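1. I'd like to go over a predicted model; first the sequence, then the structure.
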Amino acid sequence: MHRLAALWTAIGLAFAVPVAAQDPIPRDYAGSGIIERADPDKSAARRAREEAAATTAEAACAAGEVSDCGALGKAYLYGEGKPQNRPVAELLLRRACDAADAAGCLWLGELFWSVNEPEPGAAALRSFQRGCLLGSLEACARAADALETGPEGLGGDPAAAAALRQDSCARGGVAACRALAAQQITDETSPAEQAEGQAVLDRQCRAGDRQSCVAIADWLRDYGAPLTPTMRAILAAGCAAGEGAHCHDLAAVRFAEGSGPPAGRSAGIALYERACELDSKLCAHAQAIRAHPPLAETCARTDRAACTALGTLYADRNSPLYSPAEAVVLLGQACEAGDIAQCAVAASVQLYDLAPAAPESIALAAHWYASACDGGSNADCQTLGRALIDGDRFAPDRARGYALLVRACERDFTASCDELVNRAKTDPDAPIPAADSRFSAPLAEGEEDPRETELREQSWAETAKLRARACTSTSVIFDGVTYDDTICTSMVRVRNGFPLKPGQAPWQALLWRPERLNGQALTPAQRVLCGGALIAEGWILTAAHCVTDQAARLDGRGYSVRLGVFNPRVNEGVSYPVVRTVAHPRYSPRSLAFDIALVQFDPRAGRKGSTTNAIARIRLDPQPLGQRPIRSGVPVFTYGWGWTAAENSGSTDNLRGVRLALTDPATCTALTSYRRSLQDVALCAGGPDSGQACKGDSGGPLITYGDPGLRPTVIGVLSSGHQCGVTGVPSRYTRVAKVRDWIDRVMEGRQDQAVRIRPARSGR
């Protein structure tokens, strides 16, 4: 301990004082912090365990056991058996840390560090430092992290951080050794250093360190490692250590290796259940397998509802139960029996999941689409109409196709009306639609359109529901005082923008959620996750915070990349499965520095919709840092399907754009607080009319048309917007030139390799 104190003295930090702060105690955490929202859907068993542990800690804390006050504070901090409430957590953790409880200091530091402001960052460093001196090697590792970045994420003292990590690792600090190893497994290090780092992570993983398992598995995945015995052992160790995603990945393999009915594949089932127990977001497959035996038994007794539910299980391409041949039979029967909702699903599976599609199969799919249309499904009228007009999959029948679009339009399906208007511009055979309710009488000055009022009220109701599902609010009485706190699942969509024409931004990509997520069906509007840009065959550029959804990576979970899309709510464009995601190694969720990532998709596995707009790659900024002038007022553009207002809105049914102006570097730096090693990592841009990017546009490209030849060029990736322009604060974009070498290295190391496909899944 004397050596560690000497090290702190050499670094120049005070070290033996209780934690103090200038702000009121506890802080007001409203609207701040990146502490993750506690899982609202925990399993009953996990919830019972956490509540029992918290009750025990509460009793011991009341009896004067300081360490248990720290454990109780952690329970409030992360919502583990107690309501998630940061003010109460702070009070308990301060009590523990000031009474020399090392773990209490560590967790107090984590709470302060989650607030991206200077004073809490400095208080976090003091907390980590005190916990380190009190004997917590994990606190030493976190103190090193804080030293390296500085309290505002501005860049601190890397040499001091390295010295502290080396000292902590030498004394057996797992977290410090993990951090050192992670620095060795980067694109910039030699093969020998990479091998050494992998060995450390592998050893710690097998010893039970979950984060080491995650680090080594992510590294091997990013570099295309096949599912070797070593990789399987790492997944098994990570699963045993509590990493639900590892259980889930291993479950898919073990389940596929089994044979016979799903209920008999015990090894895979046990792993799926373990994944569900650890993370409620990973329960869908376990729930499907559990549901299969009773559904199959009930369906065998000719129960129509059970047969339809069973067909839905079989139709899910991401499910271990995926069996398109059986799905078509069951859902086709449901369609013929009048269940219109199943007709399009049966037709889609018939056309795209069963190959090759024989003429009779194509005719059957057309019949099912027509049945849905006749039953009132306007979207299916449009899908079949487009396909017949364009000769996509079906024999061309332009007259019938246009008749279907007219039918949908006359039933007030706006998308079909717009389709007819757009086609009439270039196709003399396209019928001219009748004017509809959108063309109402002119309004007097100051008069409000009642339709707008109705739509706004509907939007408010929808947003309130979304907010209620996305946030957890608590009120906790502690020492006679009531403390309120609200923690939300973070979301980051173009405001005051203009509608584009189909195909006007052919590089625009859409990251698309699966039809069902965590057992819940999603509406098309809810499936919009993020934007992106097609920069090479098989590669999308997006934001790093977009490659996880509800704290889980997109890889292998049914997410897709959609290209050639104008209206995401209909069957447009081409969908490709996500194969792998690669976030920048320096990405910081706290400061959003280096918020940029690559998404690899399988270009051979495209699934075409009923119509496809233009698709083209966009050029990456070819100019190095310093050569492209960044001046205030330079025009740039961005596009997306996100919200059109800061509040009470939702993703749009058409691709929109917004014209922005760059902010000068000095103003941008003042907004981001990025300095030193983070210099030039961000661009800032906003519109004179407050137009800017908003929720759901994240990951979209920032584009200049000012290069020679007016060639569109992506110079940034949308990271975050501030209140969708309402405050006038520009949006922040990660600068492509800053990370161009990393982008090239990632793609060059993978483009010429065969896409690694996950083990095939058995149908039943």
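-> Sure thing, it's come through.
2. what helix or strand is the nearest residue to residue 251 once chain neighbours are set aside on?
-> Excluding its sequence neighbours, the residue lying closest to residue 251 (CB to CB, 6 or more residues apart in numbering) is residue 271, at 3.4 Å. Just so you know, the C-beta spots here come from the backbone N, C-alpha and C atoms, and that holds for glycine as well. Following DSSP states H and E, one finds residue 271 within helix 266-278.
3. What average pLDDT does that helix get?
-> Over the span of helix 266-278, the pLDDT mean works out to 93.
4. Tell me how far residue 338 lies from residue 347.
-> Taking CB to CB, to the nearest Å as the measure, residue 338 falls 16 Å from residue 347.
5. now do residue 366
-> Taking CB to CB, one finds residue 366 at 8 Å from residue 347.
6. higher neighbour count, the two?
-> Neighbours were tallied for residue 366 and for residue 347 using other CB atoms under 10 Å; the higher tally belongs to residue 347 (29 against 21).
7. Buried ones in whichever strand or helix holds that one, by neighbour count?
-> Per DSSP H and E, residue 347 falls inside helix 343-348. Across helix 343-348, burial judged by 16 or more other CB atoms under 10 Å covers 343, 344, 345, 346, 347, 348.
8. cool, stretch 656-674 as well?
-> Buried residues in stretch 656-674 (16+ other CB under 10 Å): 656-663, 665, 668-669, 671-674.
9. got it, and stretch 528-544?
-> Neighbour-count burial for stretch 528-544 flags 528-536, 538-544 (criterion: 16+ other CB under 10 Å).
10. How is the protein partitioned into domains?
-> What automatic domain parsing lists as the domains of the chain is 2-184, 498-748.
11. thinking again about what came up before, number of nearby residues for the residue nearest to residue 251?
-> Residue 271 has 25 nearby residues by other CB under 10 Å.
12. what's near enough to touch the residue nearest in space to the middle of the chain?
-> By CA atoms, centre = their mean, the chain has its centre lying nearest to residue 549, at 2.9 Å. Contacts for residue 549 (CB atoms under 8 Å, 6 or more residues apart in numbering) come out as 513, 517, 529, 559.
13. Can you tell me who it pairs with across the strands?
-> residue 552 (DSSP bridges).
14. what's the spacing between it and residue 308?
-> In terms of CB to CB, residue 549 sits 28 Å off from residue 308.
15. tell me which residues in the host helix or strand of residue 252 are buried?
-> Assigned by DSSP H and E, residue 252 belongs to helix 244-257. Residues 244-256 are the ones in helix 244-257 that count as buried (16+ other CB under 10 Å).
16. now these as JSON lines including distance to residue 579 and pLDDT?
-> Formatted as JSON lines, the buried residues of helix 244-257 follow (distance: CB to CB, whole Å; pLDDT from 0 to 100):
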{"residue": "244", "distance to residue 579": "21", "pLDDT": "90"}
{"residue": "245", "distance to residue 579": "16", "pLDDT": "84"}
{"residue": "246", "distance to residue 579": "18", "pLDDT": "91"}
{"residue": "247", "distance to residue 579": "21", "pLDDT": "93"}
{"residue": "248", "distance to residue 579": "17", "pLDDT": "88"}
{"residue": "249", "distance to residue 579": "14", "pLDDT": "86"}
{"residue": "250", "distance to residue 579": "18", "pLDDT": "92"}
{"residue": "251", "distance to residue 579": "19", "pLDDT": "92"}
{"residue": "252", "distance to residue 579": "14", "pLDDT": "88"}
{"residue": "253", "distance to residue 579": "16", "pLDDT": "89"}
{"residue": "254", "distance to residue 579": "21", "pLDDT": "91"}
{"residue": "255", "distance to residue 579": "20", "pLDDT": "91"}
{"residue": "256", "distance to residue 579": "17", "pLDDT": "88"}
